[in-house]
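**Student:** Could you work out the structure for the sequence below:
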Amino acid sequence: MNVPLKKMTPVEIRRSGWEALKDKLGPASAMKFMLDFDQGEGDYSELRKKIFGHKKVHDIIQEIKEESSHNP
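**Tutor:** Numbers count the residues shown, from 1 in each chain. Okay, the predicted model is just below:
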């Protein structure tokens, strides 16, 4: 499919791209590519510091348990 970009919707572009990957690599390898390709955005380390500060994993788990017991 060789359609000019402005005539395709974003959904059509993603669908066409997926089909091309799937045809070339096979479904499993295409999915591996997509998982490896999408690295996200932003600085995870800074976001983690902003959200959790200097809390220990144990403290975070405890907070989750407490919140889930209050919100069944």
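
**Student:** tell me what the longest helix along the chain is packed against?
**Tutor:** If you go by DSSP state H, the chain has its longest helix at helix 10-25. Judged by 3 or more CB pairs under 8 Å, 6 or more residues apart in numbering; DSSP states H and E, the packing partners of helix 10-25 are helix 27-37. Any C-beta I mention is one placed from the backbone N, CA and C, and that applies to glycine too.

**Student:** now the helix it packs on, how far from the chain's geometric center?
**Tutor:** Here the centre of helix 27-37 is set off from its chain's centre by 12 Å, with CA atoms, centre = their mean, to the nearest Å.

**Student:** what is the mean pLDDT for it?
**Tutor:** Helix 27-37 shows a mean pLDDT of 88 in the predicted model.

**Student:** Give me the distance from the helix or strand that comes right after that helix to the chain's centre.
**Tutor:** As assigned by DSSP states H and E, the chain's next helix or strand after helix 27-37 is helix 44-52. Computed by CA atoms, centre = their mean, the chain-centroid distance of helix 44-52 equals 17 Å.

**Student:** which other residues reach helix 44-52?
**Tutor:** Contacts to helix 44-52, defined as CB atoms under 8 Å, 6 or more residues apart in numbering, come from residues Ile60.

**Student:** buried sites along the longest helix of the chain?
**Tutor:** Judged by neighbour count using 16 or more other CB atoms under 10 Å, the buried positions of helix 10-25 are Leu21.

**Student:** Now do it against helix 27-37: the angle between them, please.
**Tutor:** 120 degrees (axes from the mean of the first three to the mean of the last three CA atoms, to 10 degrees).

**Student:** where does the chain have low pLDDT?
**Tutor:** Applying pLDDT under 70 to the chain picks out residues 1-6, 38, 71-72.
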